[in-house]
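> here is the input, now give the coordinates:
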Amino acid sequence: MYSVLVILAVLAVFHIFLGLISFGVGAISSSRAVMWLAHTVSPVWSGACFIICGVLGLACAKRKTAYMILCFTAFSFVSLITGVVSIQLLRLGLVNHTSDGHTYAKEEQDILIIIALVTAGMECLNSMISSFVSCLVAKKLKQKKMLGRRERYVTREQLLAQRQAQIKQQVAEEERKREDERKRTGVKV
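Okay, here's the model as predicted:
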């Protein structure tokens, strides 16, 4: 369980790291843009989503509750979808569209868009792995919980043995009390 939690924490930190890179690239790209377009601002909101996913991952590794695992798994899927949408929007920044419907690659590629594309792609991969690992954490937690429940279950034979031991103890105690009473009253058997 410990190794899975360490992997989960590392993936969560990687989510935060990629989110910060994406947010920073988006902020720089948006500040440089003459006009805000989808490819200039998509790294900002996708980076925020990646950071939230990383924070939930760290909380999941720390608390290990079913609710936190579910939140992290769900947000990993949301981050995956956000990464895919961000990739599609960033692709728009690499091409020019003409009025007659033709599309061609720009002569000068913006390095920020390429960095944001790589970051979004890595985040998609990280989100898929995080979803898998969070499912492993849930499975391990369930196994641990079921193991604890099995220890609490008592078989019929164990119940009968416990009851017989209680009866023997009660009979011995009653016999001891009778013996003490006889000694006090002076009655001989």
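
> pLDDT weak spots in the protein?
1, 96-98, 148-154, 187-189 (pLDDT under 70).

> quick one, strands of it?
For the chain, the strands defined by DSSP state E occupy 95-97, 103-105.

> mind naming the longest helix for this protein?
Assignment by DSSP state H gives helix 111-152 as the longest helix of the chain.

> quick check, residue 120 in contact with residue 90.
Yes - contact status for residue 120 versus residue 90: in contact at 6.5 Å, counting by Cβ atoms under 8 Å. Using the backbone N, CA and C atoms, a C-beta is placed for each residue, glycine as well.

> mutual contacts of the two, please.
Listed as contacting both residue 120 and residue 90 by Cβ atoms under 8 Å, 6 or more residues apart in numbering are residue 43.

> let me see the ranges of the helices in this structure.
Using DSSP H, helices in the chain cover 2-32, 38-63, 66-91, 111-152, 156-185.

> which of these sits most buried?
For the helices of the chain, the largest average neighbour count (mean count of other Cβ atoms under 10 Å) is found in helix 38-63, namely a mean of 22.

> nearest residue to residue 70 other than its sequence neighbours?
Using Cβ to Cβ, 6 or more residues apart in numbering and skipping residues adjacent in sequence, the residue nearest residue 70 is residue 138, 7.9 Å away.

> residues in contact with the one you found?
66, 69-70, 73.

> closest one of those residues to residue 52?
Taking Cβ to Cβ as the measure, residue 52 sits nearest to residue 73 out of these, at 13.7 Å.

> mind listing what the residue lying closest to the closest one once chain neighbours are set aside touches?
Spatial nearest neighbour of residue 73, chain neighbours left out: residue 134 (4.4 Å); criterion: Cβ to Cβ, 6+ apart. By Cβ under 8 Å, 6+ apart, the residues touching residue 134 are 8, 57, 60, 69, 72-73, 76.
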